[in-house]
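Novice: Here you go, sequence then predicted model.
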Amino acid sequence: MAATVAAPVSPTEHDSDRCGSEEENRGAEAEEGSQQQTGPAAAVSHSRLSKLPLARIKALMKSDPDVSLASQESVFIIAKATELFVEMIAKDAMVYAQQGKRKTLQRKDLDNAIEAIDEFAFLEGTLD
């Protein structure tokens with residue numbers, strides 16, 4: 001009987017986008033572990049997982065007259081959603097910069113991404 005050897009399969013670029021980076025996976029694992037925490041320790045773990053300043057996000061949230069209180073969890077979720085949104089629009093705009101053989105994003109790249117991608121339709125006219 002012949003033994004078969006499986007060839008190593010390298011993940012494609014598309015697979016890595018779907019699965020997330022190792023840093024995101026570690027962050028998700030740390031987030032799961034921090035769900036049980038309360039008090040100051042929970043705030044510290046949330047601030048490590050967010051790249052945006054949580055105090056400033058909270059101040060922006062509270063500037064809305066309809067918002068009187070904002071929990072740490074809600075501030076963290078808004079910060080994380082904002083990070084993911086900025087990352088997504090930047091990646092999509094980068095495609096247009098690369099088509100123009102540039103490494104720097106320009107306003108026209110964001111305009112092109114907003115115009116071409118239906119998910120960004122709500123942003124049409126906001127950069128004018």
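Specialist: Arrived safely.
Novice: quick one, helices of this structure?
Specialist: Using DSSP state H, the helices of the chain run over 13-19, 22-34, 40-49, 54-62, 72-99, 107-116.
Novice: could you measure the closest residue to Val75 other than its chain neighbours against Leu69, distance?
Specialist: Among residues not flanking Val75 along the chain, Lys58 sits closest, at 4.7 Å (CB to CB, 6 or more residues apart in numbering). Quick note: C-beta positions are derived from backbone N, CA and C, even for glycine. In this view, Lys58 and Leu69 are 10 Å apart by CB to CB, to the nearest Å.
Novice: what about Leu105, how many residues close to it?
Specialist: 15 (other CB atoms under 10 Å).
Novice: right, and it touches Val95 too?
Specialist: No. Using CB atoms under 8 Å, Leu105 makes no contact with Val95, being 10.4 Å away.
Novice: Just to check, Met61 is in contact with Val67?
Specialist: Yes. With contact defined as CB under 8 Å, Met61 reaches Val67; the gap is 5.4 Å.
Novice: Look at those two and report which has more neighbours.
Specialist: Met61 (15 against 12).
Novice: what's near enough to touch the more buried one?
Specialist: Met61 sits next to 67, 70, 74-75, 78 when contact means CB atoms under 8 Å, 6 or more residues apart in numbering.
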